[in-house]
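Visitor: Please find the sequence and the predicted model below.
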Amino acid sequence: MNHLPVAHGPDARPKRVEAFHVHSFSAKCRRHLTNELNIECPDDLLRYLRQSGHLSHEEVPSFTTLAGGVSNRTVLVERGRGPAFVIKQALEKLRVEADWRSDPGRSHQEALGLQWLARLAPEGSITPLIFEDAKHHLAAMQAVPQPHENWKTRLLAGGLERDHIRQFGELLGTIHRRGRDQRVELSVVFDDRRYFETLRVEPYYRYTATRNPPAMKFYNDLIAQTAAIRETLVHGDCSPKNILVHNGILILLDHEVIHFGDPAFDLGFSLTHLLSKAHHLRAFRAQFLEAAQFYWQSYVQAVSGKDKNSDLEGRVVRHTLGCLLARIDGRSPLEYLTNEERDRQRRIVLSLITRPPGTVAELVERFGDQLQQSDHVHH
């Protein structure tokens, strides 16, 4: 194989990968055979790709299911000639224990995201769109060639590099800055926020609020404020699991939650991953806390034209707190945190919510201080 599997969807993680040739027909496919296309069935996928003209009838490709995502079926298609591509099929019911559903029409949102982000994001950071099929809820994109590595996997192994953090801030900051510059057109193209509601607001904020009554007002206020803000293009899923590192460049994946809205959500969502890893990886805690500060600084530099009177930073703090708790008690908890760590993170966030920090720097400092105090108590 020339390409590594790519993790897609909410809370994707490395899992066993099933490779198959086009003439194999697994029991899984027989059990799930219906009149609808299932791209995880190789015979069905081969027939579809040939009939739709995306493969010639002479080509005999190899298919690899990319495990780990919960919101899509995802298959790597490697060809004898021509570039390899990844094809994603959105699921109505996500592959989690909870009953979590979202309209599979969001595959069109991902295709739109791929088209626009290719123009807005830094060069080389977005995979090109190959084709879209709205009827079958498909979006296909060029595969990232080898060698590459999933950034989440790298970070959890302690592989934190300052240049990657700088790129992370510049990537998001560039998208937000250029999205704001083209807001007249983008506010219309990405006006649909249904997928942001079903994949983020409900499972992260509303659901978490029901499990933490003391935080109910905090979340209700945050939800109302987020719904009212329409400033720029928001990715909605900007996390290390959706980033591959190829030749030293960060490449952003998974764009189905993209919408026109509040940029503070992207920042809170992404800062949560750096802070949660600072919590989990005690040996690298100081480095991850510093990385969170540097990420914010890199972002601010990339959006230097932002309104000086904006209350963006305060909103970023609140979204970070909201996401830190949601990744404990929401529908998509971080799998690497232990039960003890989840309890500690919940206590810290509920404490900070009562008097939210005024700046990102203060948030990172107070979060780190409370982690250190907790360490002293338990050791």
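Guide: Structure received.
Visitor: Ramachandran coordinates for residue 73?
Guide: phi -80, psi 140 (degrees, to the nearest 10).
Visitor: wait, it sits on residue 91?
Guide: Yes: between residue 73 and residue 91 there is a contact under CB atoms under 8 Å: 6.7 Å. Any C-beta I mention is one placed from the backbone N, CA and C, and that applies to glycine too.
Visitor: Settle it for me: which of the two has more neighbours?
Guide: Between residue 73 and residue 91, counted using other CB atoms under 10 Å, residue 73 has the larger neighbour count: 23 against 19.
Visitor: How much space separates that one from residue 176?
Guide: To residue 176, residue 73 is 31 Å away according to CB to CB, to the nearest Å.
Visitor: For the chain, just list every one of the helices.
Guide: Per DSSP state H, the chain carries helices over the ranges 27-31, 42-51, 106-120, 151-156, 162-181, 183-189, 194-196, 207-211, 216-228, 263-280, 285-302, 312-329, 339-354, 360-378.
Visitor: Mind putting those helices into TSV with mean pLDDT, distance to residue 129 and mean neighbour count?
Guide: Putting the helices of the chain into TSV (pLDDT from 0 to 100; distance: least, CB to CB, whole Å; neighbours: other CB atoms under 10 Å) gives the following:
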stretch	mean pLDDT	distance to residue 129	mean neighbour count
helix 27-31	48	27	11
helix 42-51	93	16	18
helix 106-120	93	4	21
helix 151-156	97	22	20
helix 162-181	98	16	21
helix 183-189	98	15	14
helix 194-196	93	18	20
helix 207-211	98	32	18
helix 216-228	98	28	16
helix 263-280	98	21	25
helix 285-302	98	24	20
helix 312-329	98	28	24
helix 339-354	98	37	16
helix 360-378	90	34	16
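Visitor: Out of those, flag the one nearest residue 245.
Guide: Of all those, helix 151-156 sits nearest to residue 245, with 5.5 Å by CB to CB.
Visitor: Off-centre distance for that closest one?
Guide: 14 Å (CA atoms, centre = their mean, to the nearest Å).
Visitor: repeat for stretch 248-263
Guide: Centre-to-centre, stretch 248-263 and its host chain are 7 Å apart (CA atoms, centre = their mean).
Visitor: now stretch 246-261
Guide: Chain-centre distance of stretch 246-261: 8 Å, with CA atoms, centre = their mean.
Visitor: Tell me how this protein divides into domains.
Guide: Here the domain parsing of the chain from automatic domain parsing is 18-142, 148-378.
Visitor: residue nearest the centroid of the protein?
Guide: residue 237 (2.9 Å; CA atoms, centre = their mean).
Visitor: Relative to residue 251, how far out is that residue?
Guide: Note on residue 237: its distance to residue 251, by CB to CB, is 14 Å.
Visitor: try residue 201
Guide: Computed as CB to CB, the residue 201 to residue 251 distance reads 27 Å.
Visitor: now swap in residue 362 and tell me
Guide: Following CB to CB, the distance that separates residue 362 from residue 251 is 32 Å.
Visitor: who touches stretch 129-146?
Guide: With CB atoms under 8 Å, 6 or more residues apart in numbering as the contact definition, stretch 129-146 has outside contacts at 2-4, 6, 36-37, 39, 48, 52, 54, 76-78, 83-90, 104-105, 107-108, 110-111, 114-115, 118, 127-128, 244, 246, 251.
Visitor: Let's see that with 7 Å instead.
Guide: 2-4, 6, 37, 54, 76, 83-90, 104-105, 107-108, 110-111, 114-115, 127-128, 244, 246, 251 (CB atoms under 7 Å, 6 or more residues apart in numbering).
Visitor: Restricted to buried residues, select those residues in ChimeraX.
Guide: In ChimeraX syntax, the buried subset of these is picked out as below (16 or more other CB atoms under 10 Å):
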select :3,4,6,37,54,76,84,85,86,87,88,89,90,104,107,108,110,111,114,127,244,246,251
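Visitor: Strands - which of the contacts of stretch 129-146 land there?
Guide: Among the contacts of stretch 129-146, the residues falling in strands (DSSP state E) are 76, 85-90, 244, 246, 251.
Visitor: From the rest of the structure, what touches stretch 174-187?
Guide: Among residues not part of stretch 174-187, those counted as contacts by CB under 7 Å, 6+ apart are 117, 120-122, 230-233, 235, 260, 263, 302-303, 305.
Visitor: What residues does residue 345 make contact with?
Guide: Contacts for residue 345 (CB under 7 Å, 6+ apart) come out as 279, 324, 328, 337.
Visitor: Put together TSV for those, with distance to residue 166 on each row.
Guide: As requested, the contacts of residue 345 are exported to TSV (distance: CB to CB, whole Å):
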residue	distance to residue 166
279	23
324	23
328	29
337	26
